[in-house]
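Student: From the sequence below, what's the structure:
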Amino acid sequence: MDTPTVVSLLPATTEISTQLGVIPEAVSHTCDYPPAVKGQPVITEFDGEQYSLRESLLQDINPDVILTQSLCGECAIDSLAVEKKIEEMNLDSSIVSTHTTGTEDLFDNIQNIGVAVNRRLEAQSYVDKLRTRLDSLKTRTQSLAERPTVLVLDWIEPTMIARGWVPELVEIGGGIYDDMSQPPEIEEKDEWNLLRSVDPDIIIVAPCNYSTDESCKQLYTLQTMPEWSELTAVRNNEIYFMDGNHYVNRPGPRLIETARYFAGLIQPDRFNAPPSEVVRSISTVIQS
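Tutor: Below is the predicted model of the structure:
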């Protein structure tokens, strides 16, 4: 079985490719998992405004397959920019672009990447394993009568409420994502007032690209927000700070673990609490 030369421009696709047994020859500057990719050449750069490719490295590698995404141009270089660059450089690389809005998209991404890197059977086996784990969790939560309302924060200032795959994971974890599973017709630039009006039972703070420690530091900013102390989740100590970088913002295979971690926060009488390196409660943060 021939193994193609692969370049991955997204942490999620790096995780998928590596899980299928194909370590990318080069990765993006944000790819930090699994350990096998640490030390791989970095092929993307970010100057604070836009993403770019290191053309000399791309030319040297001349990859058979480039893994990228078409969902968010602010989080990583998008597929259109990659296609344009490949054409300019006259490279004969196949581009596999992912677009994830839920777990079914994740499973499709794994299978598509599996085909591209000649690991079709491995991809199907991996999808079956992940689906079994997710279905097992669904079976335990789908009939629950008591389901608290939950919102997850992607950013603090301006306030951004997480959408995409997050509402589905909250529902699977035994919660209700209220009416926020779809963006409003006119999306607010700052959704703090929206959060206040929903006043969820549980708030999970998981800013984009933030570790657990970095998320915890957002407490001081949150405490200055209007009517913070009046929120139901604040009064009941149901505020949690989570590793957004690895478990919430990154649409890779570990989203299945995220659903399980959400369940531990949303239905603590039925599921074990997530590990402290992934999630910490507001009480723990205040005491530390």
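
Student: how distant is the lowest-mean-pLDDT helix or strand in the chain from the center of its chain?
Tutor: The weakest-scoring helix or strand in the chain, judged by mean pLDDT, DSSP states H and E, is helix 79-89 (a mean of 81). Here helix 79-89 is found 25 Å from its chain centre; the criterion is Cα atoms, centre = their mean, to the nearest Å.

Student: which is the next helix or strand following that helix?
Tutor: strand 94-98 (DSSP states H and E).

Student: what's the closest residue to residue 78 other than its chain neighbours in contact with, if anything?
Tutor: Closest residue in space to residue 78, ignoring its immediate chain neighbours: residue 70 at 5.7 Å, by Cβ to Cβ, 6 or more residues apart in numbering. Using the backbone N, CA and C atoms, a C-beta is placed for each residue, glycine as well. Neighbour list for residue 70: 78-80, 97-99 [criterion: Cβ atoms under 8 Å, 6 or more residues apart in numbering].

Student: Residue 25 now?
Tutor: 5-7, 40-41, 61, 63.

Student: change it to 10 Å
Tutor: 4-8, 40-41, 43, 57, 60-64 (Cβ atoms under 10 Å, 6 or more residues apart in numbering).

Student: Name the member of the residues you listed with the most neighbours.
Tutor: residue 8 (31 neighbours; other Cβ atoms under 10 Å).

Student: Report the beta-bridge partners for that residue.
Tutor: According to DSSP bridges, the residues that bridge with residue 8 are residue 27, residue 67.

Student: chain center to stretch 36-44, what's the gap?
Tutor: So, by Cα atoms, centre = their mean, the centroid of stretch 36-44 is 20 Å from its chain's centroid.

Student: for it, how far is the first residue from the last?
Tutor: 18 Å (Cα to Cα, to the nearest Å).

Student: same for the least confident helix or strand of the chain, what does it pack against?
Tutor: If you count contacts as 3 or more Cβ pairs under 10 Å, 6 or more residues apart in numbering; DSSP states H and E, helix 79-89 packs onto strand 51-53, helix 55-61, strand 65-69, strand 94-98.

Student: so which of these is the most packed in?
Tutor: strand 65-69 (a mean of 25; mean count of other Cβ atoms under 10 Å).

Student: quick one: average confidence on that one?
Tutor: Averaged across strand 65-69, the pLDDT comes to 90.

Student: next one: stretch 131-148
Tutor: Here the average pLDDT along stretch 131-148 is 95.

Student: begin at 78 from here
Tutor: With 78 as the first residue, the last one maps to stretch 208-225.

Student: now that stretch, how far from the chain's geometric center?
Tutor: In terms of Cα atoms, centre = their mean, the centre of stretch 208-225 is set 20 Å apart from its chain centre.

Student: the strands in the protein, which residues?
Tutor: For the chain, strands defined by DSSP state E occupy the ranges 83-85, 103-104, 121-123, 128-130, 142-146, 171-175, 227-232, 237-238, 279-282, 316-319, 356-358.

Student: so which of the ones you listed gets nearest residue 112?
Tutor: strand 103-104 (12.6 Å; Cβ to Cβ).

Student: helices or strands up against that closest one?
Tutor: Using 3+ Cβ pairs under 10 Å, 6+ apart, strand 103-104 sits against strand 83-85, helix 88-96, helix 132-138.

Student: please redo it, this time with the cut-off set to 7 Å
Tutor: Contact here means 3 or more Cβ pairs under 7 Å, 6 or more residues apart in numbering; DSSP states H and E; on that basis strand 103-104 packs against no helix or strand.

Student: what's in contact with it?
Tutor: Residues outside strand 103-104 that contact it (Cβ atoms under 7 Å, 6 or more residues apart in numbering) are 84-85, 91, 114, 117-120, 134, 138.

Student: any idea which of these is closest to residue 319?
Tutor: Lowest distance from residue 319 to the contacts of strand 103-104 (Cβ to Cβ) belongs to residue 91, with 21.1 Å.
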